[in-house]
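# coords please:
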Amino acid sequence: MRLHERCAKEGSFLGELNQPQAMLILARKDLRAAITLAAEDDADTEIVGFHVQQAVEKALKAWLEFCEIDYSKTHDLTMLLTQLADHGVDVEPLRSIEELSPFAVQYRYELYEEEPMNWEEAHQQAKIVIEHVEGLLRTERERKEPQQGI
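Numbers count the residues shown, from 1 in each chain. Next up, the predicted model:
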């Protein structure tokens, strides 16, 4: 079941917005929150990581929506990337984002005690995914627009 179907059934405001554009709006908000929080001297890794993970998750789900691929209700970035790969999308350059998956649930309830995260790199990875999906939507929109002046 795709997101817009779930949201329409649950009465969510997302059910009223155009999908997958709504997911990209939310992804951008999460990324903006992560960047703002990471700029603080005492930034909490778990909180920043959660927002970066959410930005990537929402962008991947927007991509799946765009491709009309049903996906499971999951926070697992590996699973979402695999679903895209199973439908012929080359996701190998994005595999590094899989390291963000534990921030969705695990580090919401545990302290992050591993090596410090490179937030600049994580933000860039999220931005790459978001901008790629935005590009797909833009190309599709331009393709559907009637050519003027004919």
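# ok, which stretches of this protein are helices?
Along the chain, counting by DSSP state H, helices occupy 3-10, 21-38, 45-66, 77-86, 106-109, 119-144.
# roughly how far is the shortest one from the heart of the chain?
Centre-to-centre, helix 106-109 and its host chain are 19 Å apart (Cα atoms, centre = their mean, to the nearest Å).
# Quick one: list the elements packing against that helix.
For helix 106-109, the packing partners by 3 or more Cβ pairs under 8 Å, 6 or more residues apart in numbering; DSSP states H and E come out as helix 45-66. (Glycine included, C-beta is placed from N, CA and C.)
# Mean confidence (pLDDT) on the helix it packs on, please.
For helix 45-66, mean pLDDT is 95.
# Which elements pack onto that helix?
helix 3-10, helix 21-38, helix 77-86, helix 106-109, helix 119-144.
# residues in contact with the nearest residue to Glu110 once chain neighbours are set aside?
By the measure of Cβ to Cβ, 6 or more residues apart in numbering, the closest residue to Glu110 outside its immediate chain neighbours is Glu46, 7.9 Å from it. Contacts for Glu46 (Cβ atoms under 8 Å, 6 or more residues apart in numbering) come out as Phe103, Tyr107, Arg108, Glu110, Leu111, Tyr112.
# Adding mean neighbour count and distance to Leu94, write the helices and strands packed on helix 45-66 out as CSV.
Formatted as CSV, those follow (neighbours: other Cβ atoms under 10 Å; distance: least, Cβ to Cβ, whole Å):
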stretch, mean neighbour count, distance to Leu94
helix 3-10, 14, 20
helix 21-38, 19, 14
helix 77-86, 17, 6
helix 106-109, 14, 21
helix 119-144, 15, 6
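# Skipping adjacent residues, who's closest to Trp63 in space?
Nearest residue to Trp63, sequence neighbours excluded (Cβ to Cβ, 6+ apart): Val133, at 4.8 Å.
# on that earlier part again, next one: the residue nearest to Glu110 relative to His132, how far apart?
Separation of Glu46 from His132 (Cβ to Cβ, to the nearest Å): 27 Å.
# any chance of the helices of the chain in CSV, plus distance to Pro93?
Compiled in CSV, the helices of the chain are given as follows (distance: least, Cβ to Cβ, whole Å):
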stretch, distance to Pro93
helix 3-10, 25
helix 21-38, 18
helix 45-66, 14
helix 77-86, 11
helix 106-109, 25
helix 119-144, 9
